[in-house]
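1. Below are the sequence and a predicted model; questions follow.
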Amino acid sequence: MPVTIYNTLSRKKEELKPIEPGHIKLYVCGITSYDYCHIGHARSALAFDMIVRYLRYLEYKVTYIRNFTDIDDKIITRANEQQTTTEELANRFIDEFYIDMDKLGVNRPTMEPKATEHIQEMIDLISELIEKNMAYPAGGDVYYSVNSFANYGKLSGRKLEDMQAGARISINENKKDPMDFVLWKASKPGEPKWESPWGAGRPGWHIECSAMSRKYLGSTFDIHGGGQDLIFPHHENELAQSEGANDTSFVNMWIHHGFVTIRDEKMSKSLGNFLTIRDILDHYHPEVLRFFIFSTQYRNPLDFSETAMQNAMAGLNRLYECLAAIEALEDHCSDTATPTMNSSDKEKIESLESNFQSAMNNDFNTAKAQGMLFETAKIINKTIRQLPTQPSQDEFTLLKKSGDTIKKLASIMGILQVQPSEFLASAKATMLAKTDIDETEILEYIEQRIQARNDKDWAKSDEIRDRLLKKGIELKDGADGTSWSVKRG
RNA sequence: GGCGGCGUAGCCAAGCGGCUAAGGCACUGGUCUGCAAAACCAUGAUUCAGCGGUUCAAAUCCGCUCGCCGCCUCCA
């Protein structure tokens, strides 16, 4: 079963065929580090984390490069505002980025090059472009000449004429063509600068990815990824630079993920609908965010809302409850017991892994893959319910094994990786933090209620239960006493 | 204006020309319970924004219309 991926360049799903058999080389545009990361950054990191995990699960070797943009206009502006250096600011937010990524359980890429550590590679690349007459110095800057690259626009599907008609391009006296973009920027007084053949300055944004991907992955590699907003101009320009300089195809497949929206609008600071990763992690278990993000295919827009997160939590809970039920099975088997599972259910359970794979092979369809997990959980729950006290050894083994398979497959999405009890407890703690009651108070009420129940004083018992419910606490009377949880929603 | 995407049950979401249109959440009924809650079980689309067309066959392909979104400036 081949992996097929939607390639932005061809606008079709294509079979993944690594250049070097068994080895996939992937480059993803990382963050510009000048602020805390938001939920959109989380989706990007998580989407490629999932892709890499899946490819490795398929036993591909994956070399995964994700860069840090640690010098650019926004960083300079922000550093000035905070009266610090660009280096200090960028490094500080790289540290914050790692804090968020670690909480989300995102695996580190193979390498994470920083732009400022690859200035020489960029200067070399720019020099090559100048030699080939594809770039020109002007007034201390260096520009890429879009007219020198016949295929300019092939990734984003734009024509130069159309783009000029749009005419939202800043006027710049130095440019030969308004669409030409900067490769090297002369530094203004007080700005960070590096020496170059064209004077002191700093690199343009697009050139860093061309230089770093070439250094670590070569002139042609398998997959380049990023958010959909990077298609133009960033990736279009990278492609023009790299193919212009290297005279060879830059990337075989371009993967672009969709946006996270809030009330169906793209997040932005000006709209005030901006949510950082840590805002969300204060209220939800990291696996809830992961589950939510993978509840739709990576290319679709994903609308964030409290309701959606509650749904995600409920769904994840259901899967954990199923795992807990499997764990709770006691090993009392009988050789003579008749199996309770019908053959079609048994077949479905046994084909979980291959069904999961075909979902994932179809452009990493995590939404469908999640559906497979639920389908299996449903059958397992049903089976466990019908199980005699002495189940057959086969059936018992199948259930245990299915639980392990669920966990293994879920690990590709980074969910179901903690003990069910641990997840439930930690979800409870974050939920409790949102209420105005604490655990000791709840336990006191429960004690009082147990007394009332022992006295068969149902009125008082119900009154206590209602009082807690008003505070958002639900009680459950089980076989082993009363337990509590925070009411959802 | 140019380019791209989307519109499937109350909500989220699979589906990529042919098996009963996955799955989740919510709702409702049942099991359980002192009553509840949780959990579990069961149940929902003769129909896929609308209209035409291609085909033996369309949610799936083509055209048009309507609605929504993104990019064309930094952006995940």
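-> Cool, the structure landed. Numbering: from 1, shown residues only, chains lettered A, B, ... in the order given.

2. which element is A:Asn381 on?
-> Element membership for A:Asn381 (DSSP states H and E) is helix A:366-386.

3. Skip ahead from that helix and say which helix or strand is next.
-> That would be, after helix A:366-386 and using DSSP H and E, helix A:393-413.

4. Could you name the helices and strands sitting against that next one?
-> Here helix A:393-413 touches helix A:39-57, helix A:306-327, helix A:343-350, helix A:352-361, helix A:366-386, going by 3 or more C-beta pairs under 8 Å, 6 or more residues apart in numbering; DSSP states H and E. Placement of C-beta: from N, CA and C, glycine included.

5. who are the neighbours of the helix or strand following it, in terms of helices and strands?
-> Sequence order places helix A:420-432 as the next helix or strand after helix A:393-413, per DSSP H and E. Contact partners of helix A:420-432 among helices and strands, from 3+ C-beta pairs under 8 Å, 6+ apart: helix A:306-327, strand A:481-486.

6. count of neighbours near the residue in the stretch 251-400 of chain A that RNA strand B sits nearest to?
-> Residue nearest to RNA strand B within the stretch 251-400 of chain A (C-beta to the nearest atom of the strand): A:Gly371, separated by 2.4 Å. Number of residues near A:Gly371 (other C-beta atoms under 10 Å) recorded here: 15.

7. Tell me the spacing between it and A:Asn355.
-> In this view, A:Gly371 and A:Asn355 are 9 Å apart by C-beta to C-beta, to the nearest Å.

8. A:Ile51: what's it in contact with?
-> By C-beta atoms under 8 Å, 6 or more residues apart in numbering, A:Ile51 lies in contact with A:Leu26, A:Gly225, A:Ile255, A:Tyr298, A:Phe364.

9. how about those, which pair is most distant?
-> A:Leu26 and A:Tyr298 (14.1 Å; C-beta to C-beta).

10. that older thread, what's the most buried one of the helices and strands packed on helix A:420-432?
-> Mean neighbour count (mean count of other C-beta atoms under 10 Å) peaks for helix A:306-327 among the helices and strands packed on helix A:420-432, with a mean of 17.

11. So which elements touch that one?
-> With contacts defined as 3+ C-beta pairs under 8 Å, 6+ apart, helix A:306-327 has these neighbours: helix A:286-293, helix A:366-386, helix A:393-413, helix A:420-432.

12. can I assume A:Ile379 is in contact with A:Glu347?
-> No. A:Ile379 lies out of contact with A:Glu347 (C-beta atoms under 8 Å); the separation is 10.1 Å.

13. Ramachandran coordinates for A:Tyr143?
-> Torsion angles at A:Tyr143 (phi, psi; degrees, to the nearest 10) stand at phi -120, psi 150.

14. and A:Gln419, how many neighbours?
-> Neighbour count of A:Gln419, defined by other C-beta under 10 Å: 12.

15. buried set for stretch A:192-207?
-> A:Pro192, A:Lys193, A:Trp194, A:Ser196, A:Trp198, A:Gly201, A:Arg202, A:Pro203, A:Gly204, A:Trp205, A:His206, A:Ile207 (16 or more other C-beta atoms under 10 Å).
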